[in-house]
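Student: Turn this into a structure:
(one chain, ligands or ions: 1)
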Amino acid sequence: MKQFCIAVLLLGLTFSSRAKEGMWIPSLIKNLVESDMQSMGMKLSAEDLYNFNKSSLKDAIVHFNGGCTAEMISDNGLLLTNHHCGYYQIQTHSSVENDYLTNGFWAKSKEEELKNPNLFATFIIKIEDVTKKVLANTRDGMPEAKRQAIIDSTIKVIGKSAVEGTHYEYIIRPFFYGNQYYMFLTEKYNDVRLVGAPPSSIGKFGFDTDNWVWPRHTGDFSMFRIYADKDNKPADISDDNVPYKPRYSLPINMNGTKPGDFTMIYGFPGRTSEYLTSYAVEYTIKKQNPNRIKMRDISLDIIGASMKTSDKVRIQYAAKQSRIANAWKKWIGQNKGLIANDAIAKKQELEKRFLANANMSIPKHGLKYTKILNKFEVLYKEIEPYAFSWDMFIEIYYYGPEVIRFAMNFNKLNPEKLKPEDLEKTLEGLKKSAKGHFKNYHDATDQKLLGAMLKQYLSVLDETKRAAIYATVEDDFGGDYEKYAARLFKKSNFTSLEKVNAFLDKYKGEKSFKKIQKDPAYKLCMSLYNNYQKNIRPELVRLNNELNLLNRTYMEGLMTLLPKDKKYYPDANSTLRIAYGKVDGYEPKDGVKYYPFTTTEGILAKKDTTKEFTVPKKLVTLIENKDYGQYADSDGKMHVCFIASNHTTGGNSGSPALNGNGELIGLNFDRTWESTMSDIMFDPTICRNIMVDIRYVLFIVDKYADSGHLVEEMNLIK
Ligand code: ASP
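Tutor: Residues are numbered from 1 along each chain as shown. Reported below is the predicted structural model:
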């Protein structure tokens, strides 16, 4: 019995030392987690990870288009990121004749690499704690709005002086709910060209069925190249540009990993909310997630059916469908995980301890922390209807029928705001954006989206929060939203390129703007927008200011009153971070244990005739012949994906997975479904990130795509 207890204890110890919660600011690694990382297998020092004075790993890490992460993998500016991160660019270069989404794309020489207007790649030059400077002119008890205004203007002054005389830009963000501020000096490159992408049957293998799922067999990668001017400085897209020479590019480890090996993820995690109260978590689980899932159920059904009708629509809606489906499936998983983990009860238990310590700390801190949870409770009741209206507004306006957002563009012609001398330029701009908009637009699909989504949107809102368009549909169309949508699409000038161009060609200033104001699509967008501006926003802003103060104080309280609960790390906010863990399987449910690797055998096992699990013929042959070249594991198999216990989130897509020597072993692209709750609560026993093995990436580039010349650019460590 005694031996058994010791064994269990040891097991518990090894387990908890493997799973690591936290996303750390690279410049703070030394003091916070360097020794822990080293004890888990990191052979490097904190200075190797981040160094302002000489090149370090951070110089290979790229913020890709402000959303995903990417990394430098050659001294010639070759950049690796996910297929799903380059998806929009791959789609943009695709047509029915040249369908790169279906067939893949590989530039055989630099001349064939494809330019991408508006795509950019950002490096971090320096990270600096500017808390004292940012907060210098604020004081406790100041009204929140005033405090924020002071902070905003101070940030501008600090940032401007930091980049003066350089070509750098700056970002200053709050951390720990505004208890701290950090500045990031950045260098941004605007000429980033598409080099290669596998077919979606590799890069997106398993599509929505496999998204957020383990075991996984997706080769989720694409390659780009950064170009610079002759002095290696950022430059606008130009044929005169040359491949960028990075300060550092990642060596690539060819030996693979085994369970228990150290891993770290270096990248730009987007957003987490680890310190929410039970009230906020309850809102997410019971109201926010179910309602936004429902909105997306509707849009995904409609878009999915349309995409099956023609290749043209399939290509037009590929990136939109993915964007909508990705979060939709994540929220479903997140709710499952939070409920299964009793997240609300766990938060309540934490709050009980917080309150007990707050009461004990009165002699030291006065009443600062004692009333805060009560205040949260009251405030959440007040803010919820407004927060919910905003959440639903996002779904209809940003992820719903595009005709609404498109019509909004024409507000630029409002004579109250437009100077007469700017009219011509504005008309030209609108024509240009119309051309882009209609390239990926199918009116019948959008009409269906409008009918179904507007109905759902208005039905879930409280009467006092509904836009006036509700009365129009009820009174003039008997509540028939399909009829309303059909009429709008018939009458509006904003539903086809021909109609828009014809209207703009005849545009005559104020008189024509009156026509816009009568356009049913414009009326709809204005109704939704004005409702938000008048009925929702002012109260939401006021209450959010109160909430900011509570969140800031609560965060400070957690760190002060419960210092031993955990090593506190700031929530993700799209700034550079490092997470670390170990290659490790997990037990998703009773009786099931997941192994941390998959191999190409699993690709053939999943293969069927549906679009989601089609396997390209050439890949089948390579696998059947075990023609893996130098990319096979020492076990003779071709490893495809692996999982580890690194704490990641959206934005970490495309992040390098590095071994203890800082060598590239994989490309992060996802989390398991059970892990999606980690944005709110990290459970070390089940939260795992998913990576594609770098050797599978190179195998596809070399053996499948016959692009071995790219592999030759890289520094392979055997
Ligand atoms: N696949 C994810 C995403 O695109 C990455 C993650 O959240 O772990 O957002």
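Student: residue contacts, the closest residue to the ligand within the stretch 601-718 of the chain?
Tutor: With CB to the nearest ligand atom as the measure, residue 650 is the residue of the stretch 601-718 of the chain nearest to the ligand, at 3.1 Å. In this view, the C-beta of every residue, glycine as well, is placed from N, C-alpha and C. Shown in contact with residue 650 (CB atoms under 8 Å, 6 or more residues apart in numbering): 269-271, 330.
Student: so which of these would you say is closest to residue 704?
Tutor: Among the contacts of residue 650, residue 330 lies closest to residue 704 (CB to CB), at 29.4 Å.
Student: ok, now which ones touch the spatially closest residue to that closest one that is not a sequence neighbour?
Tutor: In this structure, residue 330 finds its nearest non-sequential neighbour in residue 676, 4.8 Å apart by CB to CB, 6 or more residues apart in numbering. Neighbour list for residue 676: 212, 330-331, 333-334, 337 [criterion: CB under 8 Å, 6+ apart].
Student: ok, 10 Å please
Tutor: By CB atoms under 10 Å, 6 or more residues apart in numbering, the contact list for residue 676 reads 212, 327, 329-338, 649-650, 670, 687.
Student: So which of these are in helices?
Tutor: Using DSSP state H, 327, 329-338 are the members of those that sit in helices.
Student: mind putting those in JSON lines, pLDDT and distance to residue 53 included?
Tutor: Below are the ones in helices among the contacts of residue 676 laid out as JSON lines (pLDDT from 0 to 100; distance: CB to CB, whole Å):
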{"residue": "327", "pLDDT": "96", "distance to residue 53": "40"}
{"residue": "329", "pLDDT": "96", "distance to residue 53": "44"}
{"residue": "330", "pLDDT": "96", "distance to residue 53": "40"}
{"residue": "331", "pLDDT": "97", "distance to residue 53": "43"}
{"residue": "332", "pLDDT": "97", "distance to residue 53": "47"}
{"residue": "333", "pLDDT": "95", "distance to residue 53": "43"}
{"residue": "334", "pLDDT": "96", "distance to residue 53": "41"}
{"residue": "335", "pLDDT": "97", "distance to residue 53": "46"}
{"residue": "336", "pLDDT": "94", "distance to residue 53": "47"}
{"residue": "337", "pLDDT": "94", "distance to residue 53": "42"}
{"residue": "338", "pLDDT": "96", "distance to residue 53": "44"}
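Student: Any of those residues buried? List them.
Tutor: When neighbours are counted using 16 or more other CB atoms under 10 Å, these contain these buried positions: 327, 329-335, 337-338.
Student: if I look at the closest residue to the ligand within the stretch 51-200 of the chain, how far off is residue 67?
Tutor: Residue nearest to the ligand within the stretch 51-200 of the chain (CB to the nearest ligand atom): residue 84, separated by 6.1 Å. Residue 84 sits 11 Å away from residue 67, taking CB to CB, to the nearest Å as the criterion.
Student: which neighbours do those two share?
Tutor: With CB under 10 Å, 6+ apart as the test, residue 84 and residue 67 both reach 653-654.
Student: higher neighbour count, the two?
Tutor: residue 84 (25 against 14; other CB atoms under 10 Å).
Student: Which of the contacts of residue 650 are buried, as a ChimeraX select command?
Tutor: Buried members of the contacts of residue 650 can be picked out in ChimeraX with the line below, counting by 16+ other CB under 10 Å:
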select :269,270,330
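Student: Just the mean pLDDT for stretch 304-318, thanks.
Tutor: Per-residue pLDDT over stretch 304-318 has a mean of 95.
Student: Oops, could you answer that again for stretch 386-394 instead?
Tutor: pLDDT averaged over stretch 386-394 gives 97.
Student: quick one: buried residues of stretch 560-577?
Tutor: 561, 569-577.
Student: Now flag whichever of these is closest to residue 655.
Tutor: Among these, residue 577 lies closest to residue 655 (CB to CB), at 9.3 Å.
Student: What separation do you get for that closest one and residue 683?
Tutor: Residue 577 is 19 Å from residue 683, by CB to CB.
Student: What of residue 691?
Tutor: 19 Å.
Student: Compare these two and say which is more crowded by neighbours.
Tutor: residue 691 (27 against 19).
Student: Secondary structure element holding that one?
Tutor: Take DSSP states H and E as the rule and residue 691 turns out to sit in strand 689-693.
Student: Adjacent strands (with direction) for that strand?
Tutor: strand 639-644 (antiparallel), strand 664-671 (antiparallel) (DSSP bridges).
Student: Which positions in the stretch 301-450 of the chain make contact with the ligand?
Tutor: Within reach of the ligand by CB under 6 Å from any ligand atom, the stretch 301-450 of the chain has these residues: residue 326.
Student: pLDDT wise, what is residue 13 at?
Tutor: 38.
Student: returning to that earlier point: chain center to the strand holding residue 691, what's the gap?
Tutor: Chain-centre distance of strand 689-693: 16 Å, with CA atoms, centre = their mean, to the nearest Å.
Student: Output that strand as CSV, restricted to C-alpha atoms.
Tutor: This file holds the C-alpha atoms of strand 689-693, laid out as CSV (Å, rounded to 0.1, in the frame of the first residue of the first chain):
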residue,chain,number,x,y,z
ASN,A,689,-1.5,21.6,-28.7
ILE,A,690,-1.2,19.9,-32.1
MET,A,691,1.8,20.3,-34.4
VAL,A,692,2.7,18.9,-37.8
ASP,A,693,6.1,17.1,-37.7
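Student: State the mean pLDDT of the helix or strand that that strand is followed by.
Tutor: Heading C-terminal from strand 689-693, the first helix or strand you meet, by DSSP H and E, is helix 694-699. Average pLDDT, helix 694-699: 98.
Student: what packs against helix 694-699?
Tutor: strand 252-253, helix 600-606, strand 639-644, strand 664-671, helix 708-713, strand 716-717 (3 or more CB pairs under 10 Å, 6 or more residues apart in numbering; DSSP states H and E).
Student: and these as TSV, adding mean neighbour count?
Tutor: Below are those laid out as TSV (neighbours: other CB atoms under 10 Å):
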stretch	mean neighbour count
strand 252-253	22
helix 600-606	17
strand 639-644	27
strand 664-671	28
helix 708-713	15
strand 716-717	14
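Student: Using JSON lines, lay out those together with mean pLDDT and distance to residue 423.
Tutor: Formatted as JSON lines, those follow (pLDDT from 0 to 100; distance: least, CB to CB, whole Å):
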{"stretch": "strand 252-253", "mean pLDDT": "98", "distance to residue 423": "55"}
{"stretch": "helix 600-606", "mean pLDDT": "98", "distance to residue 423": "57"}
{"stretch": "strand 639-644", "mean pLDDT": "98", "distance to residue 423": "55"}
{"stretch": "strand 664-671", "mean pLDDT": "98", "distance to residue 423": "47"}
{"stretch": "helix 708-713", "mean pLDDT": "98", "distance to residue 423": "49"}
{"stretch": "strand 716-717", "mean pLDDT": "98", "distance to residue 423": "58"}
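Student: Among those, which comes closest to residue 282?
Tutor: strand 664-671 (23.0 Å).
Student: Report how many residues lie close to the residue of the stretch 401-550 of the chain at minimum distance from the ligand.
Tutor: Closest to the ligand within the stretch 401-550 of the chain is residue 440: 20.2 Å, counting by CB to the nearest ligand atom. Residue 440: 18 surrounding residues under other CB under 10 Å.
Student: pretty sure it is touching residue 321, no?
Tutor: No - applying CB atoms under 10 Å as the test, residue 440 and residue 321 come out as separate, 11.1 Å apart.
Student: From residue 704, how far off is the residue of the stretch 201-350 of the chain at minimum distance from the ligand?
Tutor: Per CB to the nearest ligand atom, residue 326 is where the stretch 201-350 of the chain lies closest to the ligand, at 5.4 Å. Taking CB to CB as the measure, residue 326 falls 25 Å from residue 704.
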